[in-house]
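K.L.:
what follows is a predicted structure for the sequence shown.
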Amino acid sequence: MNAVIRACGLQKSYAGQRVVDGLDLSIYKGECFGLLGPNGAGKTTTLRMLLGLIAPDAGTATLLDLPVPQAAREARIRVGVVPQMDNLDPDFSVAENLLVYGRYFGMQDSEIEARIPSLLEFASLSHKRDAKVPTLSGGMKRRLTLARALVNDPDVIFLDEPTTGLDPQARHLIWQRLHELTRQGKTLLLTTHFMDEAERLCHRLAVLDNGRLIAEGSPRALIETHIEPQVVEVYGEHAEAWAHEHAAGYAQRFEVSGESAFCYVQDAQPLVAHLQTQSALRYLHRPANLEDVFLKLTGREMRE
Amino acid sequence: MNHFALPRISLRFIPIWRRHWLVWRKVAAPSILGHLADPVIYMLGLGYGLGSLLPQIGGMPYITFLAAGTLCYSAMNSASFEALYSGFSRMHEQRTWEAILNTPVTLDDVVLAEILWAATKSLMSGAAVLAVIWLLGLSHAPLSLWMIPLSLLIGLTFASVGLIITALAPAYDFFMYYFTLVITPMMLLCGVFFPVTQLPQGMQVVAGMLPLTHAVDLARPLMSGSVPPQTVLHIAVLLIYALCGFYISLVLFRRRLSR
């Protein structure tokens, strides 16, 4: 199968600091592919290189079978982008934002006008057609940005943290729309900090850290490969002391973070039975998830 | 991507120019007032006030002398404000450029659109001042209509040069230096208010190198209905400033936005 987006040994440094370090990626048609990583891992720089907005120091990339950045302009005719920061035109109405943006793709006004009603419907913004951008809520602005990215009916859509800063209702609506896009056969490449989002949306994921790819696969496969299947979180003032004394006896692996202990286990029953006798501690038993994998791979310390 | 590559010109600037035009149309009334208020007040205040104390200059009343200079500096100001403040806002604050650059448009197209748009503002400003000149009866020469394309040329020159500053600016405050150290001295040294020949020899040489001097040297004869001497030289100087400004600002923007 031919990759829609392909990166081969991509490298980029800023001021001597290696931001992306030998990255290989292949993303296939109809896939929703997630790039995960802590702040500064190189996610946005990777997106910018794959869009052909900046040139790599080494390595090659293709977007829709065209080499980027050399033929980036041609490739971007069939690409939509939802950027991390809002850059809608604040002076324009919702419909004008779509009209003006469509023109950058060389579309005729009549062609764009004909698409606007369905784009607004997709973004649940039909009733806001003539509203000015500053009067929209954060969720509406994001939806308009998504509609704007679809104005040219792209084959590939890049989304840089599409739900950051949104309330749960707004996030769920965006997820629903992104699902719909993958059902239509579009290829999605997104970055996110939300593991539940990645787990829910993405067919495959890559975890970046310090510009390197440290894991790749489906959410399920990553959880199965990298981590014990069960997690017991233990809370309370005495959790740390308890963990140092007892956790090793029950858990294959444990981590202490503040007043919480995270125990990763194959079989949670003996640990849960023990915890039931500890009245000073509260606990939560759950299956392992992507966040556990992410924290194991990239560590718990802050990256700022 | 080579930052020093020559600009690649295409018609893709047109949808970007139309975007700026659509924004402007929404604020047209205050904008036109802004184009007119400042130059008209200078022209009337200094022209009649100072003019009543002065004998004729070069065979024309002082207000007529001043009018041609005012048109030029007004065109210079329009393009400069647009290229610096509005351009910076589109590049940095509103991230309009970022949105546009995600489409099949290049930075070369975006910068060209900025220059042509800022020059359009100069054209509008020059035309508005010319209308006032005609209404006041300061000129009836058909040749004075050439001041409209001249306003566009002045706009191209100062937009291109101004964008160099925009490309280097960390924040809006930075533009103060340019206006204080470049634009205001040009307004005072380039023959807007008095003939350059009144200046000491050394300053005349400096004034001769500045673009506004050449714009004024074209405008003043046109106003009184004669073909300017050394037309080609003056146009060439303005064009050279425009082309160098375009190239240098583009290189700087490529560098700035590749980070």
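P.N.:
Nice, I can see it. Residues are numbered from 1 along each chain as shown, chains lettered A, B, ... in the order given.

K.L.:
from residue A:204, how far out is residue A:186?
P.N.:
In this view, residue A:186 and residue A:204 are 15 Å apart by CB to CB, to the nearest Å. Heads up, the C-betas are built off the backbone N, CA and C, glycines and all.

K.L.:
cool, residue B:247 as well?
P.N.:
Taking CB to CB, one finds residue B:247 at 44 Å from residue A:204.

K.L.:
before we move on, what about residue B:187?
P.N.:
62 Å.

K.L.:
ranges for the strands of the stretch 1-150 of chain A?
P.N.:
For the stretch 1-150 of chain A, the strands defined by DSSP state E, counting those that start in this stretch cover A:3-14, A:17-28, A:32-36, A:58-63, A:66-68, A:79-82.

K.L.:
which residues of chain B lie near chain A?
P.N.:
For chain B, the residues in contact with chain A (CB under 8 Å from any CB of the partner chain) are B:1, B:12, B:15-16, B:18-19, B:22-23, B:26, B:94-96, B:98-106, B:258-259.

K.L.:
that older thread, nearest to chain B, out of the strands of the stretch 1-150 of chain A?
P.N.:
Chain B lies closest to strand A:79-82 among these, at 3.9 Å (CB to the nearest CB).

K.L.:
average pLDDT across that closest one?
P.N.:
Across strand A:79-82, pLDDT averages out at 97.

K.L.:
show me what contacts residue 24?
P.N.:
Looking at chain A here, since you left the chain open. With CB atoms under 8 Å, 6 or more residues apart in numbering or on different chains as the criterion, the residues that contact residue A:24 are A:7-10, A:213.

K.L.:
let's do chain B instead
P.N.:
B:31, B:121.

K.L.:
quick check: which element contains it?
P.N.:
Using DSSP states H and E, residue B:24 maps to helix B:13-26.

K.L.:
next secondary structure after that helix?
P.N.:
helix B:28-44.

K.L.:
right, and the pair among the contacts of residue A:24 with maximum separation?
P.N.:
A:8 and A:213 (12.2 Å; CB to CB).

K.L.:
higher neighbour count, the two?
P.N.:
A count of neighbours by other CB atoms under 10 Å in any protein chain shown puts residue A:213 above the other of residue A:8 and residue A:213, at 22 against 15.

K.L.:
and that one, what element?
P.N.:
Under the criterion DSSP H and E, the helix or strand holding residue A:213 is strand A:212-217.

K.L.:
neighbouring contacts of the helix or strand that that strand is followed by?
P.N.:
On the C-terminal side of strand A:212-217, the closest following helix or strand by DSSP H and E is helix A:219-226. Residues outside helix A:219-226 that contact it (CB under 8 Å, 6+ apart) are A:198-199, A:202, A:205, A:207, A:215, A:217, A:229, A:288-290, A:292-293, A:296-297.

K.L.:
mind redoing it with 7 Å?
P.N.:
A:198-199, A:202, A:205, A:215, A:217, A:288-290, A:293, A:296-297 (CB atoms under 7 Å, 6 or more residues apart in numbering or on different chains).

K.L.:
stretch A:163-170 too?
P.N.:
Counting by CB under 7 Å, 6+ apart, A:138-139, A:142, A:171, A:174, A:193-194, A:197 sit against stretch A:163-170.

K.L.:
now do the buried residues in it.
P.N.:
A:163-164, A:166, A:170 (16 or more other CB atoms under 10 Å in any protein chain shown).

K.L.:
next one: stretch A:270-282
P.N.:
A:271, A:274-275, A:281.

K.L.:
before we move on, what about stretch B:234-249?
P.N.:
B:234-235, B:237-238, B:241-242, B:245-247, B:249.

K.L.:
would you turn those into TSV with secondary structure?
P.N.:
Output for those, formatted as TSV (DSSP: H, G, I helix; E, B strand; the rest coil):
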residue	secondary structure
B:234	helix
B:235	helix
B:237	helix
B:238	helix
B:241	helix
B:242	helix
B:245	helix
B:246	helix
B:247	helix
B:249	helix
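
K.L.:
with respect to chain A, which of those is nearest?
P.N.:
For these, the nearest to chain A is residue B:249 (18.9 Å; CB to the nearest CB).

K.L.:
spatially, which residue comes closest to the closest one, not counting chain neighbours?
P.N.:
residue B:163 (3.7 Å; CB to CB, 6 or more residues apart in numbering or on different chains).

K.L.:
looking at chain A, which helix is longest?
P.N.:
Across chain A, the helix with the greatest residue count (assigned by DSSP state H) is helix A:168-183.

K.L.:
orientation of the helix or strand just after that helix relative to strand A:58-63 in degrees?
P.N.:
Downstream of helix A:168-183, the first helix or strand assigned by DSSP H and E is strand A:187-192. Per axes from the mean of the first three to the mean of the last three CA atoms, to 10 degrees, the angle that strand A:187-192 makes with strand A:58-63 is 130 degrees.

K.L.:
much appreciated, bye for now.
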